[in-house]
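Visitor: The sequence and its predicted three-dimensional model are supplied below.
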Amino acid sequence: MLRRTKIVATLGPASNDPKVLEQMVRAGVDLVRMNFSHGSVQDHVKRAETVRAAAAAVGRTVGILADLQGPKIRVRKFENDKIVLHKDDIFILDATLEALGNQERVGLDYKDLPKDVTKGSVLLLNDGLLEFDVIEVKGHEIICKVVRGGVLSNNKGINRKGGGLTAPALTDKDKEDIKTAALIKADYLAVSFPRNGDDMRLARELMHAAGGKSLLMAKIERAEAIPALNDIIDASDAIMVARGDLSVEVGDAAVPGLQKRMIKMARAKNKLVVTATQMMESMISNPIPTRAEVSDVANAVLDGTDAVMLSAETAVGEYPVETIEAMARICLSAECEDEEHSIDHRYANHKFTRIDQSIAMSALFAASHLNVKAIIALTQSGSTPLWMSRMNAGVPIFALTPLRETLSKVTLFSGVHPIEFHSKGRGQVEEWQQIEARLVELGLVEKGDMVVMTIGEAAGQAGHTNTMKIMCIGGYCKS
């Protein structure tokens with residue numbers, strides 16, 4: 001059984017070894033996340049080469065997601081690396097402090113924080129483990145009273161409860177990193193902390209100016225992003241439900257409902273969606289997941305997410321391969337429970353403006369009403385399989401293309417499996433024979449299987465899919 005839901009794995013010290021990376025690809029990684037918060041240009045180039053070499057060794061296509069760091073809203077370092085704060089302690093966040101922090105105060109990476117808060121603001125540090133009430137702002141100093149104490153160590157993040165920080169989504173570092181993403185031909189570019197669609201449109205302009213073709217993914221992690229969701233999704237190719245910072249800003253109880261809403265909105269707009277953060281967190285140090293983590297991953301699958309993402313589990317965890325294997329098992333099991341295979345009725349009275357989109361919907365309709373084994377989409381741009389992937393027809397979709405960038409792009413599409421295919425036929429009959437032989441060789445279909453194929457008469461041109469065929473492997477159908 002082919003898994004519909006894709007797995008994104010973050011690279012790091014635990015997965016730098018080419019042998020480990022190859023094992024991860026065999027275990028089921030579809031897309032790797034390269035965290036641009038760490039590493040040089042040379043590091044990113046080398047890592048991208050290693051990923052593609054590992055994928056080639058296994059015989060699979062693996063996409064690359066370049067994840068921009070975004071604004072660093074963090075405390076700076078302490079004299080002894082950390083301090084312990086207690087309830088009702090007075091502590092100062094000092095935007096001009098260059099010396100190491102101590103028990104009374106610490107410096108800030110984000111120098112404009114004093115302008116973004118006022119008396120009564122609530123600041124949450126270290127993913128919300130510590131809570132400060134702002135009791136006064138004096139110039140560059142934010143004087144706080146500790147509401148919930150604990151250990152505060154070097155470089156921990158700061159969020160304002162309810163949002164409201166004005167830091168731009170794209171820093172100078174991010175703008176340089178976009179050039180690096182273009183250089184390594186990243187398939188997706190994740191923009192951290194976008195506030196609105198304009199942040200995404202700027203990122204797209206910068207990517208195009210750098211000569212890159214990466215698809216844009218908006219990480220939804222700011223409170224300000226929630227009322228702007230429609231604009232952000234319209235300006236993006238994909239979104240990430242980034243539950244860490246989002247949970248801190250809007251409150252943990254609000255996140256499950258927002259997750260479901262965002263997945264539904266993205267799919268309705270024919271955009272991709274990744275669900276992320278702490279999905280298998282316990283497997284950083286344990287060989288099996290908790291029951292709660294199993295349910296979390298399964299529910300994201302049942303919600304309709306295109307992909308589930310691993311962060312520290314594969315970047316620094318002790319069991320990166322086992323984590324991917326466990327996640328793959330959970331996704332497959334959840335998909336077996338999703339029995340809704342009929343075409344989405346929102347298209348029943350829809351008037352299409354594009355021929356290729358109407359062909360995609362026709363293929364889905366046919367697949368959901370016939371005993372079809374697979375949908376075969378010959379594609380240049382990947383648009384036809386993208387539209388098909390927005391609904392679950394209950395059968396795998398094989399995207400056949402000669403283009404590396406399209407193969408890598410569709411690695412994130414739910415239910416779509418990339419297959420490199422170079423047509424050598426002198427006509428459609430010979431081409432179909434080659435396609436049939438290729439799929440049989442890979443063990444994806446067998447003689448007697450019925451399949452639906454979409455193709456364009458103007459071969460090799462993007463956006464020209466205009467034909468749907470229902471065909472039988474070997475020239476006859478089992479039933």
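Guide: Now that the structure is in, tell me what you want to look at.

Visitor: Let's see the distance spanning stretch 97-105 from one end to the other.
Guide: End-to-end distance of stretch 97-105 (C-alpha to C-alpha, to the nearest Å): 9 Å.

Visitor: Pull the number of nearby residues for the residue nearest to residue 212 when sequence neighbours are not counted.
Guide: Counting by C-beta to C-beta, 6 or more residues apart in numbering, residue 182 is the residue found nearest to residue 212 once chain neighbours are left out, at 2.9 Å. From N, CA and C alone the C-beta is placed, and that goes for glycine too. By the measure other C-beta atoms under 10 Å, the count of residues near residue 182 is 20.

Visitor: and the helix or strand hosting residue 182, what does it pack onto?
Guide: Element membership of residue 182, judged by DSSP states H and E, is helix 172-183. Applying 3 or more C-beta pairs under 8 Å, 6 or more residues apart in numbering; DSSP states H and E, one finds that helix 172-183 contacts helix 41-58, strand 63-67, strand 188-191, helix 197-209.

Visitor: Just the angle for the longest one relative to helix 172-183, thanks.
Guide: The one in question is helix 41-58. Interaxial angle, helix 41-58 versus helix 172-183 (axes from the mean of the first three to the mean of the last three C-alpha atoms, to 10 degrees): 40 degrees.

Visitor: and helix 41-58, average pLDDT?
Guide: On average, the pLDDT along helix 41-58 is 96.

Visitor: buried sites along it?
Guide: 44, 47, 48, 50, 51, 52, 54, 55, 58 (16 or more other C-beta atoms under 10 Å).

Visitor: do the shortest one as well
Guide: Along strand 188-191, the positions that meet the burial threshold by neighbour count (16+ other C-beta under 10 Å) are 188, 189, 190, 191.

Visitor: Tell me the helices and strands packed up against it.
Guide: Looks like strand 188-191 contacts strand 63-67, helix 172-183, helix 197-209, strand 215-220 (3+ C-beta pairs under 8 Å, 6+ apart).

Visitor: ok, now with 6 Å
Guide: Packing partners of strand 188-191 (3 or more C-beta pairs under 6 Å, 6 or more residues apart in numbering; DSSP states H and E): strand 63-67, strand 215-220.

Visitor: How far does the shortest one sit from its chain's centre?
Guide: Going back to what we said before, that points to strand 63-67. Distance, stretch centre to chain centre, for strand 63-67: 8 Å (C-alpha atoms, centre = their mean, to the nearest Å).

Visitor: what's the answer for stretch 384-399, then?
Guide: Here stretch 384-399 shows a centroid-to-chain-centroid distance of 18 Å under the convention C-alpha atoms, centre = their mean.

Visitor: Could you do stretch 286-300 as well?
Guide: Mean-position distance between stretch 286-300 and its chain equals 19 Å (C-alpha atoms, centre = their mean).

Visitor: same deal with stretch 227-241?
Guide: Distance, centroid of stretch 227-241 to centroid of chain: 13 Å (C-alpha atoms, centre = their mean).

Visitor: Which residue ranges of the stretch 351-479 of the chain form strands?
Guide: 372-378, 397-401, 416-420, 450-455, 467-472 (DSSP state E, counting those that start in this stretch).

Visitor: right, so of these, which gets closest to residue 98?
Guide: Closest to residue 98 of the strands of the stretch 351-479 of the chain, according to C-beta to C-beta: strand 416-420, at 50.5 Å.

Visitor: Could you dump the buried residues of helix 41-58 into a markdown table and include distance to residue 96?
Guide: Compiled in a markdown table, the buried residues of helix 41-58 are given as follows (distance: C-beta to C-beta, whole Å):
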| residue | distance to residue 96 |
| --- | --- |
| 44 | 33 |
| 47 | 37 |
| 48 | 39 |
| 50 | 42 |
| 51 | 42 |
| 52 | 45 |
| 54 | 47 |
| 55 | 48 |
| 58 | 52 |
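
Visitor: just those now: which is nearest residue 314?
Guide: Nearest to residue 314 among these, with distances taken as C-beta to C-beta, is residue 51, at 12.5 Å.

Visitor: Where does the closest residue to that closest one other than its chain neighbours sit, in terms of helix or strand?
Guide: Leaving aside its chain neighbours, residue 51 sits nearest to residue 32 (5.3 Å; criterion: C-beta to C-beta, 6+ apart). Here residue 32 sits within strand 31-35, counting by DSSP H and E.

Visitor: Strand partners (parallel or antiparallel) of that strand?
Guide: Using DSSP bridges, the strands paired with strand 31-35 are strand 6-10 (parallel), strand 63-67 (parallel).

Visitor: Tell me the buried residues in whichever helix or strand comes after the last one?
Guide: In the C-terminal direction, the helix or strand that comes right after strand 63-67 (DSSP H and E) is strand 82-85. For strand 82-85, a neighbour-count test (16+ other C-beta under 10 Å) marks 83, 85 as buried.

Visitor: Show the average pLDDT along whatever helix or strand comes next after strand 82-85.
Guide: Following strand 82-85 in sequence order, the next helix or strand is strand 90-94 (DSSP H and E). In this model, strand 90-94 has a mean pLDDT of 98.

Visitor: Report the distance from strand 90-94 to the chain centre.
Guide: Per C-alpha atoms, centre = their mean, the centroid offset for strand 90-94 relative to its chain is 36 Å.

Visitor: what sits against residue 68?
Guide: For residue 68, the contacting residues are 36, 174, 177, 191, 192, by C-beta atoms under 6 Å, 6 or more residues apart in numbering.

Visitor: what does residue 215 give?
Guide: 188, 237.

Visitor: Mind listing the residues bridging to it?
Guide: residue 188.

Visitor: where does the stretch 1-150 of the chain dip in pLDDT?
Guide: Along the stretch 1-150 of the chain, no part satisfies pLDDT under 70.

Visitor: Give me the residue at the spatial middle of the protein.
Guide: Note on the chain: the residue nearest the mean C-alpha position is residue 274, at 4.0 Å, using C-alpha atoms, centre = their mean.
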